[in-house]
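*Asks:* Pasting the sequence and the predicted coordinates here, then a few questions.
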Amino acid sequence: MARVDIAELRTKIKKTQDKKRFEHTLGVTYTAACLAMCYDVDTERAQIAGLLHDCAKCLSNDKKVSLCKKQSIEINMTEAKNPFLLHAKAGAYLAEHKYGIGDEDILNAVRYHTTGRPGMSTLEKIVFIADYIEPGRDHSARLPELRRLAFQDLDRTLIEILKDTLSYLDGLENEIDPMTRRTYDHYIKIMDEKP
Ligand code: DGI
Ligand code: FE
Ligand code: FE
């Protein structure tokens, strides 16, 4: 992969995001870098994935849908009802074709940062978790506990975040993306199988 200039990428992303979203992006970027240090992952790749994870967030919903249709990216029922979910898939497309990222692991970290997926790489887990725990977040009373846990056990943190997300979405029709459920079931199973 051609070398990515992180400072240059940061400047480009800043131009596409409002102030609050860009602050969040920086929070995810540095939190992902810290988790990468903890789990022996390349910190540059963690920062690149963090900078890019919400790169399609500030497109209008119409733009997200039309980009996915144009690029033959599948839109499931949940995404059709909640087009904001498409910022992950659309973001992976832009990361590759607008920002020139060829690293499949980084692209997957962007693609699955909202729902997760069974069998995530360490980098994918890091971005998913960093998105939830970055310092600017203030959406869950359990954040202090999850922030601590993130630096101790990625899989357990993943499960706790998915559990909170599923219970938040529970009972709302067409709300739960099948992938979010599959990710949770997969990691619960892995946890049960651990000695
Ligand atoms: O883009 P961000 O706001 O930084 O974070 P994100 O991409 O993780 O999106 C967060 C939102 O996504 C949060 O409100 C929970 C929601 N979410 C996660 N999984 C699902 C979901 N929403 C729906 N409708 N269905 C899901 O399966
Ligand atoms: Fe996101
Ligand atoms: Fe995010």
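*Replies:* It's in. Numbering: from 1, shown residues only. Ligands and ions are numbered 1, 2, ... in the order given.

*Asks:* before we move on, what SS does Gln47 have?
*Replies:* Three-state assignment for Gln47 (DSSP: H, G, I helix; E, B strand; the rest coil): helix.

*Asks:* Assess the claim that Ala32 and Glu124 are in contact.
*Replies:* No. Judged on CB atoms under 8 Å, Ala32 makes no contact with Glu124 at a distance of 10.7 Å. All C-beta spots, glycine's among them, are computed from the backbone N, C-alpha and C.

*Asks:* These two: who's more crowded?
*Replies:* Between Ala32 and Glu124, counting by other CB atoms under 10 Å, Ala32 is the more crowded of the two (29 against 23).

*Asks:* contacting residues around the helix or strand where the more buried one lies?
*Replies:* Element membership of Ala32 [criterion: DSSP states H and E] is helix 19-38. Outside helix 19-38, the residues that touch it by CB atoms under 8 Å, 6 or more residues apart in numbering are 10, 13-14, 17, 41-43, 45-47, 49-51, 53-54, 57-58, 123, 126-127, 129-131, 133-137, 150-151, 154.

*Asks:* Now, these that are in helices?
*Replies:* Residues of those located in helices (DSSP state H): 10, 13-14, 43, 45-47, 49-51, 123, 126-127, 129-131, 133, 150, 154.

*Asks:* ok so, going back, just the contacts of helix 19-38 that are near ligand 1?
*Replies:* Among those, the ones lying near ligand 1 by CB under 6 Å from any ligand atom are 54, 57, 131.

*Asks:* Tell me the buried residues within these.
*Replies:* 54, 57, 131 (16 or more other CB atoms under 10 Å).

*Asks:* Next, count neighbours for the closest residue to the first one other than its chain neighbours.
*Replies:* Nearest residue to Asp54 in three dimensions, chain neighbours excluded: Thr25, at 5.8 Å (CB to CB, 6 or more residues apart in numbering). Using other CB under 10 Å, Thr25 has 25 neighbouring residues.

*Asks:* Near ligand 3, list only the ones from the ones in helices among the contacts of helix 19-38.
*Replies:* When contact is defined as CB under 5 Å from the ion, the ones in helices among the contacts of helix 19-38 meet ligand 3 at Asp131.

*Asks:* Now, of the ones in helices among the contacts of helix 19-38, which are buried?
*Replies:* Among the ones in helices among the contacts of helix 19-38, the ones that count as buried by 16+ other CB under 10 Å are 10, 13, 45-47, 49-51, 123, 126-127, 129-131, 133, 150, 154.

*Asks:* quick one: Leu35 from Asp185, how far?
*Replies:* Going from Leu35 to Asp185 by CB to CB, to the nearest Å gives 24 Å.
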